[in-house]
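Trainee: A structural model of the following input is requested.
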Amino acid sequence: MNMNKIASLLLFGAALWTTVASSPQARAADKKLVLMIAGRPSHGPGEHEHNAGVLLLKRCLDFNAPQVDVKAYLNDAWPSAADLAKADTILIYADGGPGHPALEGDHLQQLAAQMKRGCGFVCLHYAVEVPITPGGPEFLQWLGGYFEPDWSVNPVWTANYQTLPKHPITNGVQPFSTTDEWYFHMRFKAGMQGVTPILTDVPPATTMSRANGPHEGNATVRAEVAAKTPQHTAWAVERPDGGRGFGFTGGHFHKNWGIDDQRKLVLNAILWTAKAEVPAKGVESKVTPEELAANLAPKGK
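Mentor: As a prediction, the model looks like this:
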């Protein structure tokens, strides 16, 4: 074979490799897969807007985080077994408690199989709550902590996050303050093993204005609030199985997704749990009033 033919074959091979390597299929293979599960809408207008919240976070990642692909499942739809098996992290933003999507049918067992292989796990707002059993032991391991009825509380209050830990989740996040239904007094793993608090503040005495109840108060949390014990409202965990988890108790009011630093914190956490690179300045995104108002459930005024 003469040198011209050899050169031609080499050029053809290089061109073919470039085409394959730059194809959408090849690029997608390098990305992490994020599955977002939105529960059905509940509460009043602008509250627990699970579909709108998931679609907003998805849009922010679609346009600003090329290292991930995001698939959204709305109105309590559940991913297929094939999608679950490929997921690098799974996010749930839904009503919790006994009606938690993770507790329907064999979903808890399906999630267990993915967590065992090191899949990430993210729960937002009410989705951090499950019963003590079933769900409590699993969420304690997968998420690092959870809302335990008759232990944790869910008051609406203004939190001021003035000090943030050094962690990829806080990359580029500036101190911020927001009024939300910030749950606290979570049930965490013993000794906070593997758990890193991300958002912490001292709740005011007004958070204990309600009578004792499964979400409202108990003797232990009342004593801690009176003693001004700092409480963690968002946290990260690195699990023995190699997976990562992130719990975020805010997100009751949809309008708060318009707060750049709150949104960036959660977007960063999604990347971190998927083991995708978190930019040094965090995931930069902008949300217009029109985008924030898109996809809201028709709940009336």
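Trainee: is it true that residue 262 touches residue 176?
Mentor: Yes - if you go by Cβ atoms under 8 Å, residue 262 and residue 176 touch, sitting 6.2 Å apart. Bear in mind the C-beta positions are built from the backbone N, C-alpha and C, glycine included.
Trainee: and the residue lying closest to residue 162 once chain neighbours are set aside, how many neighbours does it have?
Mentor: Distance criterion Cβ to Cβ, 6 or more residues apart in numbering; nearest residue to residue 162, sequence neighbours excluded, is residue 175 at 4.7 Å. Residue 175 sits with 10 neighbouring residues when counted by other Cβ atoms under 10 Å.
Trainee: Would you mind confirming that residue 175 makes contact with residue 161?
Mentor: Yes - contact criterion Cβ under 8 Å: residue 175 and residue 161 qualify, at 5.7 Å.
Trainee: and residue 221, that one's in a helix?
Mentor: Yes - according to DSSP: H, G, I helix; E, B strand; the rest coil, residue 221 belongs to a helix.
Trainee: how about it, what does it touch?
Mentor: 151-153, 184-185, 208 (Cβ atoms under 8 Å, 6 or more residues apart in numbering).
Trainee: Closest to the centroid, which residue in this structure?
Mentor: Centroid-nearest residue in the chain: residue 122, 3.6 Å away (criterion: Cα atoms, centre = their mean).
Trainee: so that residue makes contact with residue 88?
Mentor: No - the pair residue 122 and residue 88 does not pass the contact test of Cβ under 8 Å, sitting 11.2 Å apart.
Trainee: shared neighbours of these two, anything?
Mentor: Contact with both residue 122 and residue 88 is made by residues residue 273, according to Cβ under 8 Å, 6+ apart.
Trainee: So which residues of the stretch 51-200 of the chain form strands?
Mentor: 68-73, 89-93, 120-124, 145-146, 157-161, 176-180, 187-188, 195-201 (DSSP state E, counting those that start in this stretch).
Trainee: between residue 262 and residue 176, which one's more packed in?
Mentor: A side-by-side neighbour count of residue 262 and residue 176, using other Cβ under 10 Å, places residue 262 first with 22 against 18.
Trainee: After whichever strand or helix holds the more buried one, which helix or strand is next?
Mentor: Per DSSP states H and E, residue 262 falls inside helix 260-273. Next along the chain after helix 260-273, taking DSSP H and E as the criterion, comes helix 289-293.
Trainee: What are the contacting residues of that next one?
Mentor: Here helix 289-293 has contacts from 56, 59, 254-255, 257-258, using Cβ under 8 Å, 6+ apart.
Trainee: and if you look at stretch 155-162?
Mentor: Residues from elsewhere that reach stretch 155-162 (Cβ under 8 Å, 6+ apart): 175-182, 199-201, 203-204, 206-210, 216, 233, 250, 252.
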